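> let me see the structure of the following:
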Amino acid sequence: MLLLMFTGTTMHSQVNMAQEIRTQSKKLQKAVDKEDESAQADSYYRIGEAFFNDGNFSKSEAYFSKAKTIYENLRDNPNIEKASRRLAQSQEKQNKISPAISNYSRAAEAESGPSKAQSVNSNDAARLSSASPEIKTEAIQNNIRINEKENEKADLAMSYSQMADVNIREKNIRGAEENLNNAYKISKKEAPQQALEINRKLTDFYVKNKKFDKAIETQKKVLREDFVKGDSRKEVEQMQELADIYIRKNDTEGAIGLFKKSYSIALNKGHTLEAQKSVRKLDSLFDVSGNTRASVRLYRDFLGKLPDLVAKDKSLADDKILEDTEQRIEQLEKEKTLKDELIRKKNIFNYGLMGALIILIILVIFIFRTLKKVQVRNKKIALQSLRREMNPHFIFNSLNSVNHFIATNNELEANQYLTRFSKLMRGVMENSAEDFIPFQQELDLLQNYLALEKTRFTDKFDYEIEVDENLNIQSLKVPGMLVQPFLENAIWHGLRYRTAKGFLKLSFKKDKQHLIIRIEDNGIGIEESRKQKTQHQKTREGRGMKNTLERISLLNDLYRQDIECSITDKKTEPGVLVEISYKL
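Model (predicted):
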């Protein structure tokens, strides 16, 4: 039962690999805390590299894949190439050809322009994609030339090993042997683990071709290498592989001697799993030879020394630490995933809230603008109503004048008045639809109006219209019928009540960016006009002036015109002065 405890997968973790993974796991923790994705990817890549160099390609694949995903998100092309290539190599080692081709191609695409990396990765993708030995050979030879030029020893050794694979499939024994030897010579100095893999491929090649002596000689040569003699675990493993070759050669005694020696070294150096493997192999060999007594003695010896062996074996502790480290990394990834999910949900909530707020703001703006449009529309309707109200007011006053002429049996004056009046009304009606009309048209209307009033009140006043030469009367636009009510007031409430003939002056002057309109009369004035009103006139509210002031207020509100109007009695002489300021 105790033996069954050791029949699981042998773990070949080295102390330096375990230390590297522990170091990178701590860096990974810091990177996650700082939300530094680039540093996270770097840690994943280095952990993958540690597993790759130790020959654990399934785990290296997992970590290289994580690194590549992050680099892709960061669009970090140099590191995308590096991680994709290593991922492809890990997959190729596990005979996962399709994903390996895909990742070699991705590594080539990551390079923005022609480069060594792009060529090497493209060649590897072509090598795996094609079934043609010629295409494979050409791709490998291209990589050999590139790696020799760039002095990339590890990649060069791998290319020689790949060429040997082509030779083996082509049954080119001499070529395979030469390429594997070249690969071994290059890698034993740069990459010992890779050298051991290549040596294993070479010995397997010899064994398959029944060249057992060459296989034994090759394996013994490895046992003499410094990187094997300096590592007791590797020495035991290579000794066991040599013993397996003796078994294939049917040299049981030679195999037993090597397994006994490997068992002794494993006991002495504290390599529990390697000692267990030697015991199982020896047990099988004793069973074949029928030496049951030797097998029992071996088990008793192993079980007796097992507690001390386990206590001495640092690799078990390292393996345990490594397992715990990987569990911490897994837990860290789960926490990161949970954190990212919480952040995602929080962001969705925040975006939803922001979206609702934006919709609310848009709705408020829409309502505000709609109300503003309604207000503007109402004001324009009110302005139009006031403007149209002026027409019947003006017509009523004009008809009173016609009535006066008829009452005095002055038919000729009445006809002339009606002719002028109809012309004036045509102009008023034509311009009543617009808030602003050309200044020339307004001036013509005012001239016609004053001419009409002069016809009625011939002996009451004279008038003068003065226009500044600096005013462009053709292009300038002014509010229609804005001045007429002030002229009407001056005539009907001021000049009409004079005993002697009065004078009315209307002037338009440009003052910087303003049009100044002055209406000046020498009538009886505002205060005296109020005193002379009858009780009936006082109870009636005049619409003309009130209408005009309301229009000015609406024009200022709607069009930002800043129209100002002042109506005052003259201080030194009778009469009224009206000043209207209009921004050009």
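> what's the following helix or strand after whichever strand or helix holds residue 122?
Element membership for residue 122, per DSSP states H and E: helix 116-129. Scanning forward in sequence from helix 116-129 by DSSP H and E, the next helix or strand is helix 133-150.
> show residues contacting the helix or strand following that following helix.
The C-terminal neighbour of helix 133-150 among helices and strands, as given by DSSP H and E, is helix 153-169. For helix 153-169, contacts defined as C-beta atoms under 8 Å, 6 or more residues apart in numbering pick out 120, 127, 133, 136-137, 140-141, 143-144, 147-148, 173, 175-177, 179-180, 182-184, 186-187, 189-191, 194-195, 198, 201, 205. For the C-beta atoms, the positions are set from N, CA and C on the backbone; glycine is no exception.
> just the mean pLDDT for the one helix or strand residue 553 maps to, thanks.
Following DSSP H and E, the helix or strand that holds residue 553 is helix 543-559. Helix 543-559 shows an average pLDDT of 79 in the prediction.
> residues of that helix that come out buried?
Of all the residues in helix 543-559, those buried under the rule 16 or more other C-beta atoms under 10 Å are 543, 544, 547, 548, 550, 551, 552, 553, 554, 555.
> pretty sure the fourth one sits against residue 482.
Think residue 548. Yes. In this structure residue 548 lies within contact range of residue 482 using C-beta atoms under 8 Å: 6.6 Å.
> rewinding a little: now for the helix holding residue 122, which elements pack on it?
Applying 3 or more C-beta pairs under 8 Å, 6 or more residues apart in numbering; DSSP states H and E, we find helix 116-129 packed against helix 77-93, helix 97-110, helix 133-150.
> can we see that at 10 Å?
Counting contacts by 3 or more C-beta pairs under 10 Å, 6 or more residues apart in numbering; DSSP states H and E, helix 116-129 packs against helix 77-93, helix 97-110, helix 133-150, helix 153-169.
> closest to residue 472 out of those?
Judged by C-beta to C-beta, the one of these that comes nearest to residue 472 is helix 77-93, at 66.4 Å.
> below-threshold pLDDT in the chain: ranges please.
Residues of the chain meeting the criterion pLDDT under 70: 1-15, 315-322, 372, 374-395, 397-398, 401-402, 409, 431-433, 533-544.
> try it again with 50
1-14, 536, 540-541 (pLDDT under 50).
> and the one helix or strand residue 23 maps to, how far out from the chain middle?
Using DSSP H and E, residue 23 sits in helix 15-34. Remark: helix 15-34 is offset 31 Å from the chain centroid, using C-alpha atoms, centre = their mean, to the nearest Å.
> same thing with stretch 510-520?
The chain centre lies 58 Å from the centre of stretch 510-520; the measure is C-alpha atoms, centre = their mean.
> now swap in stretch 213-228 and tell me
On the basis of C-alpha atoms, centre = their mean, stretch 213-228 sits 58 Å off its chain's mean C-alpha point.
> closest to residue 474 out of the helices and strands packed on helix 116-129?
Comparing the helices and strands packed on helix 116-129 by C-beta to C-beta, helix 77-93 comes nearest, at 68.3 Å.
> against which helices or strands is the closest one packed?
helix 37-53, helix 57-74, helix 97-110, helix 116-129, helix 153-169.
> can I take it that residue 481 is in a helix?
No. Assessed with DSSP: H, G, I helix; E, B strand; the rest coil, residue 481 is coil; it does not lie in a helix.
> where does it fall, phi/psi-wise?
Backbone geometry at residue 481, expressed as degrees, to the nearest 10, gives phi 60, psi 30.
> any idea how far it lies from residue 518?
Distance of residue 481 to residue 518, computed by C-beta to C-beta, to the nearest Å: 18 Å.
> neighbour-wise, which of the two wins?
Legend: neighbour count by other C-beta atoms under 10 Å for residue 481 and residue 518, higher for residue 481 (23 against 14).
> ok, that one touching residue 446?
Yes. At 9.2 Å, residue 481 and residue 446 qualify as touching, with contact defined as C-beta atoms under 10 Å.
> in the helix holding residue 122, which residues are buried?
For helix 116-129, burial by neighbour count (16+ other C-beta under 10 Å) applies to 117-129.
> what does stretch 217-227 give?
Applying 16+ other C-beta under 10 Å to stretch 217-227 flags 218, 219, 222, 225 as buried.
> so which of these comes closest to residue 112?
residue 225 (41.9 Å).
> packing partners of the strand ranked longest in the chain?
Longest strand in the chain, counting residues (DSSP state E): strand 502-511. Using 3+ C-beta pairs under 10 Å, 6+ apart, the elements in contact with strand 502-511 are helix 439-456, strand 461-467, helix 484-493, strand 514-521, strand 576-583.
> can you rerun that using 6 Å?
Applying 3 or more C-beta pairs under 6 Å, 6 or more residues apart in numbering; DSSP states H and E, one finds that strand 502-511 contacts strand 461-467, strand 514-521.
> show residues contacting it.
461-468, 470-471, 490, 495, 516-523 (C-beta atoms under 6 Å, 6 or more residues apart in numbering).
> surely residue 493 is in contact with residue 529?
Yes. If you go by C-beta atoms under 6 Å, residue 493 and residue 529 touch, sitting 4.5 Å apart.
> comparing these two, which shows the higher neighbour count?
Using other C-beta under 10 Å as the criterion, residue 493 and residue 529 rank with residue 493 on top: 23 against 19.
> what's the nearest residue to residue 270 if we skip its chain neighbours?
Of all residues beyond its chain neighbours, the one nearest residue 270 is residue 312 (3.2 Å), with distances taken as C-beta to C-beta, 6 or more residues apart in numbering.
> what are the ranges of the helices in the stretch 151-300 of the chain?
Counting by DSSP state H, counting those that start in this stretch, the stretch 151-300 of the chain has helices at residues 153-169, 173-190, 192-208, 212-223, 226-229, 232-248, 252-269, 272-289, 292-312.
> a markdown table for the ones you listed, including distance to residue 48?
Listed next are these as a markdown table, based on distance: least, C-beta to C-beta, whole Å:
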| stretch | distance to residue 48 |
| --- | --- |
| helix 153-169 | 16 |
| helix 173-190 | 19 |
| helix 192-208 | 15 |
| helix 212-223 | 27 |
| helix 226-229 | 23 |
| helix 232-248 | 22 |
| helix 252-269 | 29 |
| helix 272-289 | 24 |
| helix 292-312 | 30 |
